[in-house]
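Visitor: sequence? don't have it. structure:
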């Protein structure tokens, strides 16, 4: 089935010969899966083929993924050299990603750090104890941006990159992300979690690159 022009639209923040940064809408997969539903990666490949008139297959690999209901900045490598170097930056925690989230309720502290142990369960992350089988340490820091009547807007910095980490950790302290029915919030069509800022060293030029994207729920 052919997608409409609106569905195929791609918001590209940056593109050169080595990398591409695009904005993923909430509800779109980052990468293709067995469902056959559209993905940001496929749209980005189509955009590159059209923009640069490239025949044949397009090399494009994401450095990090966003959950389907999450929106925001996604970084892709356009060459194998860039992929290797960006993956190394990611492993060394040298790629800085800042998320904006609206969580249910009023946080008691304006800033803080969350430490948990998480197990990758069946389509969800399960909070566990240190030493439990398959449990991995998850840590993030947050700073309050604004208090709303029944919720709180926070900026979040990940120190680890666990499955559903932000969603599971804020749910664990009684403040699930707004709209995130999987983790105890009142369900909405999208959840209020957005990859808002991205900072990294260019894999070839060594230039420090910084990108920003506005959240759809603010």
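Guide: Received, thanks. Owing to the predicted nature of the structure, the values given are computational and were not obtained by experimental measurement.

Visitor: what pairs with residue 144 across the strands?
Guide: residue 154 (DSSP bridges).

Visitor: list the buried ones in stretch 130-150?
Guide: Neighbour counts over stretch 130-150 (16 or more other CB atoms under 10 Å) mark 135, 136, 138, 140, 142, 144 as buried. All C-beta spots, glycine's among them, are computed from the backbone N, C-alpha and C.

Visitor: and the residue most central in space within the chain, how far from residue 105?
Guide: Among the residues of the chain, the one closest to the centroid is residue 66, at 3.5 Å (CA atoms, centre = their mean). For residue 66, the distance to residue 105 (CB to CB, to the nearest Å) stands at 24 Å.

Visitor: residue 127 too?
Guide: Per CB to CB, residue 127 is found 18 Å from residue 105.

Visitor: same deal with residue 134?
Guide: 30 Å.

Visitor: helix or strand with the lowest mean pLDDT in the chain?
Guide: In the chain, the helix or strand scored least confidently by mean pLDDT, DSSP states H and E is helix 5-8, which has a mean of 48.

Visitor: and residue 22, what's its pLDDT?
Guide: If you check residue 22, the pLDDT there is 98.

Visitor: tell me the SS of it?
Guide: With DSSP: H, G, I helix; E, B strand; the rest coil as the basis, the three-state label of residue 22 is strand.

Visitor: over to residue 166?
Guide: helix.

Visitor: which residues touch it?
Guide: Each residue near residue 166 by CB atoms under 8 Å, 6 or more residues apart in numbering is listed here: 99, 101, 140, 156, 158, 177, 193.

Visitor: what about the protein, any weak spots by pLDDT?
Guide: 1-8 (pLDDT under 70).

Visitor: what ranges does it have for its helices?
Guide: Per DSSP state H, the chain carries helices over the ranges 5-8, 40-52, 80-91, 165-172.

Visitor: against which helices or strands is the third one packed?
Guide: The helices and strands touching helix 80-91, judged by 3 or more CB pairs under 8 Å, 6 or more residues apart in numbering; DSSP states H and E, are strand 71-77, strand 193-201.

Visitor: winner for burial among those?
Guide: Highest mean neighbour count of those: strand 71-77, a mean of 24 (counted as mean count of other CB atoms under 10 Å).

Visitor: what pairs with that strand, parallel or antiparallel?
Guide: Going by DSSP bridges, the partners of strand 71-77 are strand 19-24 (antiparallel), strand 61-62 (antiparallel), strand 193-201 (parallel).

Visitor: my guess is the residue nearest to the centre of the chain meets residue 24, correct?
Guide: Yes. Using CB atoms under 8 Å, residue 66 makes contact with residue 24 at a distance of 5.5 Å.

Visitor: next, show the common contact partners of these two.
Guide: 30, 72, 74, 195.

Visitor: what about the first one, how many residues close to it?
Guide: So that's residue 30. 18 (other CB atoms under 10 Å).

Visitor: now it. Nearest residue, chain neighbours left out?
Guide: Spatially, and ignoring its direct neighbours in sequence, residue 30 is nearest to residue 65 (4.3 Å; CB to CB, 6 or more residues apart in numbering).
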